[in-house]
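Enquirer: I'd like to go over a predicted model; first the sequence, then the structure.
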Amino acid sequence: MTLRRENIRMVGKLAVVAVGMFAFGYALIPIYRAICEATGINILALGEGRIPGAKATLPANTQVDTSRTITVEFDANARGPWEFKPAQSSLQVHPGEMATVMYEFQNMQNRRMSAQAIPSYAPVQASTHFNKLECFCFKQHTLEPGEKKVWPVVFVIDPKLSKDVKTITLSYTFFEVGGKTPAAPVADAAAHVGTGAGT
């Protein structure tokens, strides 16, 4: 009899624990949402649990300098038998604002090729304030004969950029890795004779 009573007590305790765990798990979602809204850690919580169809009000990005507008011009130089160009010639952005531009590329040859792009900036001082978050220039690309690609460049201009700079030109030179066409004209061109595209 004593063993049976102990078993019944144990089952009762386990049942209470199971109910408590279920209740805690059920209450965890609204508790989490309340904490996130209070602390602002998870802005996704701002759009949940609201009136259906209502738009969430997200906090403004205070790092964007809306008092300034910079024109970013895009340039592409194809040093070889391929097509390479930006999808748009320019874009107006605020410092601190994330922006995206697409670049189009096509291998016009009847053979596979590997290529890479090298960026340059004008004025030169803009280079340290032009932050690329995503760029096809980060690595080499291999394209089949006639293959087309569209690549994004995601960037943010540092608000610390001098206010004298109103226009930035982002230029890419796309060259074949290991090909006979040099990457770009350089002062020490003699050093590249017979070495292909350089490093």
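Expert: Structure received. Residues are numbered from 1 along each chain as shown.
Enquirer: same for the helix or strand containing Val156, what does it pack against?
Expert: Using DSSP states H and E, Val156 sits in strand 148-157. If you count contacts as 3 or more C-beta pairs under 8 Å, 6 or more residues apart in numbering; DSSP states H and E, strand 148-157 packs onto strand 70-79, strand 98-107, strand 130-134, strand 141-143, strand 167-176. Just so you know, the C-beta spots here come from the backbone N, C-alpha and C atoms, and that holds for glycine as well.
Enquirer: now that strand: average pLDDT?
Expert: The pLDDT scores in strand 148-157 average 92.
Enquirer: could you identify which of the helices and strands packed on strand 148-157 is most buried?
Expert: Highest mean neighbour count of those: strand 167-176, a mean of 20 (counted as mean count of other C-beta atoms under 10 Å).
Enquirer: how about that strand as PDB, C-alpha atoms only?
Expert: Extracted C-alpha coordinates of strand 167-176, given in PDB (Å, rounded to 0.1, in the frame of the first residue of the first chain):
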ATOM      1  CA  THR A 167      30.000  63.500 -56.200                       C
ATOM      2  CA  ILE A 168      31.800  60.200 -56.000                       C
ATOM      3  CA  THR A 169      32.700  58.100 -59.000                       C
ATOM      4  CA  LEU A 170      33.000  54.300 -58.400                       C
ATOM      5  CA  SER A 171      34.900  52.800 -61.200                       C
ATOM      6  CA  TYR A 172      35.600  49.100 -61.900                       C
ATOM      7  CA  THR A 173      38.200  47.600 -64.200                       C
ATOM      8  CA  PHE A 174      37.200  44.000 -65.000                       C
ATOM      9  CA  PHE A 175      40.100  41.900 -66.200                       C
ATOM     10  CA  GLU A 176      40.800  38.200 -67.000                       C
END
